[in-house]
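Participant: Need coordinates for the below:
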Amino acid sequence: LEANGLTVVTPSEESQRLIMSIIYDDIKAGREPNPETFRAVERELLQTKADCAVLACMELSCLKKMAGLADFYIDAMEALAEKAIVLCGKELKHDR
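Facilitator: Reported below is the predicted structural model:
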């Protein structure tokens, strides 16, 4: 990211702990995540004035769909899949 002129903002240790709890204690355990847990992380992210946040974990891709997260969140898995489709010479069809 930095090599392309982007500034990286790393969540605090507390926010990282909350994200790991969402991943392991909720999603991987088959439970619906508590939206308020993620909102605590989101408040911190928004305070940084970041332009976007990258969800770089398969379980966070699930969270984006489950919680209906805004386009502020870039789903890394979705972005990679879209790039793979384009590289295969196919046209993207969005049904968002």
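Participant: from here on, contacts and neighbour counts on C-alpha atoms
Facilitator: Will do.
Participant: Just name whatever secondary elements the worst-scoring helix or strand of the chain on mean pLDDT is in contact with.
Facilitator: One helix or strand of the chain scores below all others by mean pLDDT, DSSP states H and E: helix 58-67, with a mean of 87. Contacts defined by 3 or more Cα pairs under 8 Å, 6 or more residues apart in numbering; DSSP states H and E place helix 58-67 against strand 73-75, helix 76-87.
Participant: I'd like to know which of those lies nearest to Pro11.
Facilitator: strand 73-75 (14.0 Å; Cα to Cα).
Participant: residues in contact with that closest one?
Facilitator: Residues outside strand 73-75 that contact it (Cα atoms under 8 Å, 6 or more residues apart in numbering): 52-56, 60-61, 64.
Participant: show me the contacts for the residue positioned nearest the centre of the chain.
Facilitator: Centroid-nearest residue in the chain: Leu55, 2.2 Å away (criterion: Cα atoms, centre = their mean). Leu55 is in contact with 61, 73-76, counting by Cα under 8 Å, 6+ apart.
Participant: which of the residues you listed lies closest to Glu14?
Facilitator: Of the contacts of Leu55, the one sitting nearest to Glu14 (Cα to Cα) turns out to be Tyr73, at 19.4 Å.
Participant: That closest one and Pro35, how far apart?
Facilitator: According to Cα to Cα, to the nearest Å, Tyr73 and Pro35 sit 15 Å apart.
Participant: higher neighbour count, the two?
Facilitator: Tyr73 (16 against 12; other Cα atoms under 10 Å).
Participant: Leaving out the residues flanking it, which one is nearest to the more buried one?
Facilitator: In this structure, Tyr73 finds its nearest non-sequential neighbour in Ala53, 4.8 Å apart by Cα to Cα, 6 or more residues apart in numbering.
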